[in-house]
Structures are given as C-alpha cells and as structure tokens.
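sequence and predicted model, in that order:
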There are 2 protein chains.
Amino acid sequence: MATKTKLAVATNDECCPTVLASPLSEAQSLDLARDFALLADPTRLRLLSLLASAPAGEVCVCELVEPLARSQPTVSHHVKLLAEAGLVVGEKRGRWVWYRIVPERVAELRRALSTDIR
Amino acid sequence: MATKTKLAVATNDECCPTVLASPLSEAQSLDLARDFALLADPTRLRLLSLLASAPAGEVCVCELVEPLARSQPTVSHHVKLLAEAGLVVGEKRGRWVWYRIVPERVAELRRALSTDIR
DNA sequence: CCTATATATAGACAGCTGTCAATGGGAAGG
DNA sequence: CCTTCCCATTGACAGCTGTCTATATATAGG
C-alpha cells in the first residue's frame, strides 16, 4: 500500500448526491448511474434535444420517428424509459401523446456533476 | 401527423454541444453518449468520487480496490476507460500509479446539460 | 361499425460491457 | 538475482440493452 490512511467508505446519504463533493454511497452511485445511463444513448440524447428545441416545448411521438431515423416502436421505447425516470412527461391529447422535458430533473443530473459542496 | 411543420434535423456542429440548446447532430450525440456512458456505472461514479475527495486529489489503484469492493483488474479496467476519455489522468511514481480527476472534462459534461444557449 | 391513424406492448436477437481468474510486466529492496 | 508488490492485459462469460417485426390498443372520422 502507498500509505496507511484509509479512504472513506461510508458517506452521508443526502437527498441530492454529487459525484465530486464526497464519496458516494453504493445506493447513491446506483441511482446516479441509472440516470446517466439514460443519457448514454445517442438516440435518447437527440430525442431530448428535439424536445428542448421544439417551438412549444413539446413534440408528439409521430414527429420524432423521422428525425431520429428509428422505428416507431423504438422511439416509443425510448420515451417510455425517459418518462419512467421522470426526465420527460407525456400528455395524451386525442390520438397523440405530447412529450416535454422536465427541466428540474435534468438540472438535478447537471448538479450531480457540480464541484460545489452543496 | 399532428402538424405539418417539420422538426429540424440538421444542426450546427459546434465544438461544445449541449443537449438542450439545439438539436444534436448524430456525431455530437454519439460523442456525448460515449461520455455519459462512462458515468453510467456505479463503480466508476464511486471511483470518481473517491478521487475527488482524496486529500491530495489523487489516489493510487491499490487504495481503490477495497473501497470499491471490486477486483484489482476490474478497477484497473475502469480507470483505463476513464483515462482514455480524458476524465482522469494517471502518473506513475515508483511502483504506484496515481490517478486524479480532470475537472475541465467533467465541467464539459456538466455544461452539456446546461440550458444556456452557449 | 368500420377504417385509418397514433401509440404501446411483446418477443426475438445481436452486440456490448462489467466482472473475475489467470497471467504478464516492471519497479523496489534485500 | 530473487522476491515482493503494484498495475495492466488477456480471455471467458453472463446479463443487459437497443433494435426490429408483429401485434395490440385506442382514438377520431365517416
């Protein structure tokens, strides 16, 4: 071993963990990893960027299929994953379901990469 | 289709893409997804948090094995991935290799989740 | 009702990845 | 040298996931 000082293992299990502030607990790292995994796919990133830059801030699935160049079931699959994680919300209006970003959830992930203590 | 207005497909290929500012190109989304994939693993997140909260900002691999509860080859594998992406750098001193976080790279990812125009 | 459209679900499958045991390579210290 | 310690590499394998086709569900309009 290089030194005899032991690295901290236990951590504070706060509400909004950040990666760089203090050692993450296993539970916190699992939750954060699950969230970041949603951003680890190019189709979902492009989906989010399309939602964000849509005129009214919302887009129906049928308008995502062509720009994403994926099949309709695949697009439906991705929005479902994002919705389950709370990153987007869908509202059914008639035959269409309009999805929009939940900015607070995105900000939460952004904050997890902050160097601030809290 | 809900409307006849077409969503933008082509985008500006700038240096530092953000998810929420404008539609991502396929290349940008691929790069960003690759980066976020590194954060999509609990072991790597805990590894980064251990580096960040280390007294001197650096930790050798041997001091990561126990707190991460992973085998030494597994830890070595993860730091290699992080290093290849530029998120950490390692410096060999004697028998040990000391790794530290590259804050600019983390900030780059953080910025990708910003709502700012630039 | 019957059809057309929009979305969701189910099932299948290939590719990726996180993990480990085994091994290799290098540096320090007798 | 020879051993010991640290780290990297290799190979193998199970589990996950992104994708598609096929199908189901639901809503609106004649």
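Cool, got the structure. This one's a predicted model, so the numbers in the text were calculated from it and none came from an experiment.

hmm, A:Lys80 and A:Leu47 touching each other?
No - using C-beta atoms under 8 Å, A:Leu47 is not in contact with A:Lys80, being 11.4 Å away. C-betas here are computed from N, CA, C, even on glycine.

more neighbours: those two, which one.
A direct count of neighbours by other C-beta atoms under 10 Å in any protein chain shown for A:Leu47 and A:Lys80 places A:Leu47 higher, at 28 against 12.

name the SS class of that one, please.
helix (DSSP: H, G, I helix; E, B strand; the rest coil).

for A:Glu58, give the beta-bridge partners.
With DSSP bridges as the criterion, A:Glu58 is bridged to A:Arg100.

contacting residues for it?
For A:Glu58, the contact set (C-beta atoms under 8 Å, 6 or more residues apart in numbering or on different chains) comprises A:Leu51, A:Glu91, A:Trp98, A:Tyr99, A:Arg100.

in terms of pLDDT, where does it sit?
pLDDT recorded at A:Glu58 is 97.

please apply the same query to A:Thr5.
Reported pLDDT for A:Thr5: 53.

again, but for A:Glu14
In this model, A:Glu14 is scored at 66, pLDDT.

is the helix or strand hosting A:Asp35 positioned near DNA strand D?
A:Asp35 belongs to helix A:26-38 when elements are defined using DSSP states H and E. Yes - Helix A:26-38 lies within reach of DNA strand D by C-beta under 7 Å from any atom of the strand, at A:Ala37.

show me what that helix is packed up against.
helix A:103-112, helix B:26-38, helix B:42-52 (3 or more C-beta pairs under 8 Å, 6 or more residues apart in numbering or on different chains; DSSP states H and E).

any idea of the angle it forms with helix B:103-112?
60 degrees (axes from the mean of the first three to the mean of the last three C-alpha atoms, to 10 degrees).

was I right about A:Val102 contacting A:Gly86?
Yes - using C-beta under 8 Å, A:Val102 is in contact with A:Gly86, at 5.8 Å.

which of the two has more neighbours?
A:Val102 (15 against 12).

need phi/psi at the more buried one.
Dihedral pair for A:Val102: phi -100, psi 100, per degrees, to the nearest 10.

for it, what are its contacts?
Taking C-beta under 8 Å, 6+ apart as the test, what A:Val102 contacts is A:Gly86, A:Leu87, A:Val88, A:Val89.

which members of the residues you listed are classed as buried?
Neighbour counting over the contacts of A:Val102 (16 or more other C-beta atoms under 10 Å in any protein chain shown) leaves A:Leu87, A:Val88 as the buried ones.

quick check, nearest of the contacts of A:Val102 to A:Pro73?
Nearest to A:Pro73 among the contacts of A:Val102, counting by C-beta to C-beta, is A:Val88 at 17.3 Å.

shaky segments in chain A?
A:1-14, A:117-118 (pLDDT under 70).

residues from it in reach of DNA strand C?
A:60-62, A:72-73, A:76-77, A:79-80, A:90, A:95-97.
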